[in-house]
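>>> Give the three-dimensional model of this entry:
(2 chains)
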Number of protein chains: 2
Amino acid sequence: MSSLEFFRLKTREEVLALYGRFEPLGTEMVELLAALGRTPAHNVIAPEAAPGFPRATMDGYAVRARDTFGASAGAPAYLHIVGEAPMGAAPERAIGPEEAMRAPTGAMLPPDADAVVMLEYTAEHPDRTLEVRRPVAQGENTLQPGEDVRPGEVVCPAGVPLRPQDLGLLAALGITQVQVYRRPRVAVFSSGDEIVPLDAQPGPGQVRDSNAYMAAAQVAAWGGIHMLRGIVPDDFEALKSALAAALEEADLILISGGSSVGARDLTLTAIQALSGAEILVHGVAMRPGKPTILAALAGGAKPLLGLPGHPASAAVVMEVLGRPLMERLAGLAPAPPWGGTVTALLSRNLAGASGREDYVRVKLRQEGDTLWADPVLGPSGLLSPMVKSHGLVMIPLGLEGLLRGEEVTVRLF
Amino acid sequence: MSSLEFFRLKTREEVLALYGRFEPLGTEMVELLAALGRTPAHNVIAPEAAPGFPRATMDGYAVRARDTFGASAGAPAYLHIVGEAPMGAAPERAIGPEEAMRAPTGAMLPPDADAVVMLEYTAEHPDRTLEVRRPVAQGENTLQPGEDVRPGEVVCPAGVPLRPQDLGLLAALGITQVQVYRRPRVAVFSSGDEIVPLDAQPGPGQVRDSNAYMAAAQVAAWGGIHMLRGIVPDDFEALKSALAAALEEADLILISGGSSVGARDLTLTAIQALSGAEILVHGVAMRPGKPTILAALAGGAKPLLGLPGHPASAAVVMEVLGRPLMERLAGLAPAPPWGGTVTALLSRNLAGASGREDYVRVKLRQEGDTLWADPVLGPSGLLSPMVKSHGLVMIPLGLEGLLRGEEVTVRLF
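This next block holds a predicted model:
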């Protein structure tokens, strides 16, 4: 019986609560387009109003709204046309009572104009008289200064990754650089004497290093920078010195562990031998994913996540525990609950795992108006069920299971 | 009345049907981790079986299942232990009747073993006798060769972007490179005399080039390579030669157009003046987004999409029409209907646009178990409503509107 058995299984919530001890990484300034998907470190504040001037939002005529009061096809209002508002420059003059100025969409309104009559409700007479067949309300077909954004307003809050439309608004405000959190640098190790590199032909009993590649791809998909550190033999000194070297560069260390008890014990011993290391979690009440390790290295500053050896277990632990850890380091505010999920009906009964949260792979299937979640069963040692699935359904701790026809939230991956 | 008026408004479906005339781009070979999110050009076939040998999936003892028949705590089976299956190598011998071999998770089973008894249901006696307190079925706690993937099986179909778990499976099979479609190179222009660069201080009537940045960010978010080509003045010759130059390098051209009728006419005329150009669409039955242009340039090989000038219109047209066009070029198979959507209840009545599909921005709000979609109203000239929204709800053509409390599909952006 190994030392690991002294650790009580922790729940997912308990593990997530421990992430608070790791501080978000430092920040860096990046150019606007490079900020896509990155997380602002501070609230981004509008330095000026948008729009900065009153604009026409339709092709038509800038007018004083009161001059069109009661206008109709039968009894049009007649205004005098005093030229055209240019694109990209201020109109040469204001308009006076019963005057109108041609205004293409986007043009600045002349002083004293407070509305735009759409082209289709007007006619120009040869003597520069404008016939207006409908009244406009004050402000109609215009944008007022600051109507989009007022100066000093928070346009992009800290902690929320930037989307294309956010960059559009920042561009409109002349913000060409954004201070964002650094992307986590994640060292990925594999351990296990049975693991060989991808380009090797595995001998009897050997398998290729697939978990490290899957984890590295997940890191990239979630905005991190992966550093593949290769395969470490099941050897205490080799593992310890590989970890120590990775700590120099990485913000987070992932070990795609040996799957046997012996390999896990060795990993644990090597971690404990690092100066300033503390094992926080060994064993999580989830299925798959029980043999997960969380440690704080470098005096508590840098997390290490030890992944289970079974491919499907490693993938689920990365999704459920690794991703929030990366998001913590990357300064992300908690994501809204609907992001990357879809609601479906379970197509068969599922029994839960006693004393553990149970994560079941599902394949989605549309049938008429109904979206079905078909459980994709199979041992955690298989990769293909993950590949055939669209997401995960969680059976909460303490629930006996879920019934056919129940509405479930599928977390897409 | 301009020449554009001769074009009948096309429906979204009609526009999408026209995309079939543009061929997917060429392909390239990329390294495995660089293939994340990329689209295989051909079905990827398993060159070998996975796993390649029979494996233990639990720490325990490899046995012949029949030798454990009827075993219980009260009447255990007793087997003779003949050593340990090593990690990463073939066991030195087969097992015979009433023999057992220690087998850590992941180890290769010895010949003639057909199951693994878990550690917890056994005890080792000092004389190398193994006490087995439970029977195992044939195959239990093992993986058989080819159980994950059979040789010749399609593991990743052409046209479906690769996810981390797909890369994991390819790694397991020793596939280190993948033939994928090229990423579309997308030239992005802005036209309009009122547009100034981001780093300029706009004068009266001028606005910064925000639509081009938003469109470029969308291109990047959807896997394309953006080439920002800057602002072209509202001038026929300038526009025509800028388009011709972009055709040399780009697979797709986006013009974030002048918003006025005059600017749109000019864009149309410049496109028509290019040799081998054909205007396919001018005007789409959607709101916002009516003044959208689709053209085939370079003798039909390269599409051009002219975006409306209003920022919110441009963003919606990119999402609804630009994204499928990029996906067509990038060789993507049609995406499943649930990707990037969420179901919510509409929090107020919405009137549709007569004769047009109507796209309404919504903000999602969780209230207990209910997810509400709150419409975010505001003219298309504003950017901030896009920024405050989480997605779009579509009111189909011919529908008068949607009612408060109706279930709607929100397309997240």
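
>>> going forward, measure contacts between C-alpha atoms and count neighbours the same way
Will do.

>>> how many other residues sit next to the residue of the stretch 101-250 of chain A found nearest chain B?
Nearest residue of the stretch 101-250 of chain A to chain B, counting by Cα to the nearest Cα: residue A:194, 3.6 Å away. Using other Cα atoms under 10 Å in any protein chain shown, residue A:194 has 24 other residues around it.

>>> Looks like it contacts residue B:104 (just checking).
No: counting by Cα atoms under 8 Å, residue A:194 sits too far from residue B:104 to count as a contact (11.1 Å).

>>> Find residues that contact each of those two.
Jointly contacting residue A:194 and residue B:104 under the rule Cα atoms under 8 Å, 6 or more residues apart in numbering or on different chains are residue B:87.

>>> Now do the spatially most central residue of chain A against residue A:180, distance only.
The residue lying closest to the centre of chain A (Cα atoms, centre = their mean) is residue A:161, at 5.8 Å. Note on residue A:161: its distance to residue A:180, by Cα to Cα, to the nearest Å, is 9 Å.

>>> Also residue A:344?
To residue A:180, residue A:344 is 36 Å away according to Cα to Cα.

>>> and what of residue A:316?
For residue A:316, the distance to residue A:180 - Cα to Cα - is 28 Å.

>>> where does residue A:135 land in three-state SS?
At residue A:135, secondary structure determined by DSSP: H, G, I helix; E, B strand; the rest coil is coil.

>>> Can you give me the neighbour number for the residue lying closest to it once chain neighbours are set aside?
Excluding the flanking residues, the one nearest residue A:135 by Cα to Cα, 6 or more residues apart in numbering or on different chains is residue A:68, at 4.6 Å. Number of residues near residue A:68 (other Cα under 10 Å) recorded here: 23.

>>> Ok, residue A:365 next?
Other residues within reach of residue A:365, judged by other Cα under 10 Å, total 18.

>>> any idea of the pLDDT on it?
Listed pLDDT for residue A:365 reads 94.

>>> overlap in contacts of residue A:161 and residue A:180?
Contact criterion Cα under 8 Å, 6+ apart; residues shared by residue A:161 and residue A:180: A:38-40.

>>> Out of those, which is nearest to residue B:264?
Compare each of these with residue B:264 using Cα to Cα and the shortest gap goes to residue A:38, at 34.6 Å.

>>> which residues sit in contact with the closest one?
Contacts of residue A:38 (Cα under 8 Å, 6+ apart): A:161-162, A:180-181, A:223.

>>> And residue A:401, by the same measure?
For residue A:401, counting by Cα under 8 Å, 6+ apart, the contacting residues are A:349-352, A:395.

>>> ok, so of the residues you listed, who is nearest chain B?
For the contacts of residue A:401, with chain B as the reference and Cα to the nearest Cα as the criterion, the closest is residue A:395, at 17.2 Å.

>>> What about the closest one? Give its phi and psi, please.
phi -100, psi 110 (degrees, to the nearest 10).

>>> wait, what's in contact with the closest residue to residue A:409 other than its chain neighbours?
Distance criterion Cα to Cα, 6+ apart; nearest residue to residue A:409, sequence neighbours excluded, is residue A:343 at 4.7 Å. Residue A:343 sits next to A:371, A:407-410, B:342-343 when contact means Cα under 8 Å, 6+ apart.

>>> mind checking how far residue A:388 is from residue A:157?
37 Å.

>>> Same check on residue A:51?
Taking Cα to Cα as the measure, residue A:51 falls 20 Å from residue A:157.

>>> Repeat that for residue A:384.
40 Å.

>>> and what of residue A:220?
24 Å.

>>> The two: who's more crowded?
When residue A:220 and residue A:157 are compared for neighbours, residue A:220 comes out ahead with 20 against 16, by other Cα under 10 Å.

>>> How about that one: what's its closest non-neighbour residue?
Nearest residue to residue A:220 in three dimensions, chain neighbours excluded: residue A:226, at 6.5 Å (Cα to Cα, 6+ apart).

>>> Is the one you found in a helix, a strand, or coil?
With three-state DSSP as the basis, the three-state label of residue A:226 is strand.

>>> Just checking, which helix or strand of chain A averages the lowest pLDDT?
In chain A, the helix or strand scored least confidently by mean pLDDT, DSSP states H and E is helix A:261-273, which has a mean of 85.

>>> Show residues contacting stretch A:303-321.
A:12, A:15-16, A:22, A:210-211, A:214-215, A:218, A:251-260, A:287-297, A:322, A:359, A:380-383, A:386, B:165.

>>> Weed out the non-buried ones from the residues you listed.
A:12, A:15, A:210-211, A:214-215, A:218, A:251-260, A:287-297, A:322, A:359, A:380-383, A:386, B:165 (16 or more other Cα atoms under 10 Å in any protein chain shown).

>>> Restricted to helices, list the residues you listed.
Per DSSP state H, helices hold the following members of the buried ones among the contacts of stretch A:303-321: A:12, A:15, A:210-211, A:214-215, A:218, A:386, B:165.

>>> all helices of chain A, in order?
Going by DSSP H, chain A shows helices at A:12-18, A:164-172, A:210-221, A:236-249, A:261-273, A:311-317, A:323-329, A:384-388.

>>> so can I have a markdown table of those showing distance to residue B:238?
Putting those into a markdown table (distance: least, Cα to Cα, whole Å) gives the following:
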| stretch | distance to residue B:238 |
| --- | --- |
| helix A:12-18 | 57 |
| helix A:164-172 | 24 |
| helix A:210-221 | 41 |
| helix A:236-249 | 50 |
| helix A:261-273 | 65 |
| helix A:311-317 | 53 |
| helix A:323-329 | 46 |
| helix A:384-388 | 50 |
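
>>> closest one to residue B:56 among the ones you listed?
helix A:261-273 (12.7 Å).

>>> and the helices of chain A, which one's lowest on average pLDDT?
helix A:261-273 (a mean of 85).

>>> if we look at that helix, which residues are touching it?
A:2-4, A:191-192, A:234-237, A:239-240, A:243, A:257-258, A:277-279, A:295, B:59, B:104-105.

>>> now swap in stretch A:88-103 and tell me
Stretch A:88-103 is contacted from outside by A:56, A:59-64, A:67, A:78-86, A:107-113, A:116, A:130, B:193-195, B:203-207, using Cα under 8 Å, 6+ apart.

>>> swap in stretch A:161-170?
Here stretch A:161-170 has contacts from A:32-33, A:35-40, A:155-156, A:176, A:332, B:210-218, B:221, B:315, B:383-384, B:386-387, B:413, using Cα under 8 Å, 6+ apart.

>>> Mind giving me the PyMOL command for buried ones among the residues you listed?
Of the contacts of stretch A:161-170, the buried ones go into a single PyMOL selection, burial set by 16+ other Cα under 10 Å:
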select buried, (chain A and resi 32+33+35+36+37+38+39+40+155+156+176+332) or (chain B and resi 210+211+212+213+214+215+216+217+218+315+383+384+386+387+413)
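
>>> coming back round to it: out of the buried ones among the contacts of stretch A:303-321, which sit inside strands?
A:252-256, A:287, A:293-297, A:359 (DSSP state E).
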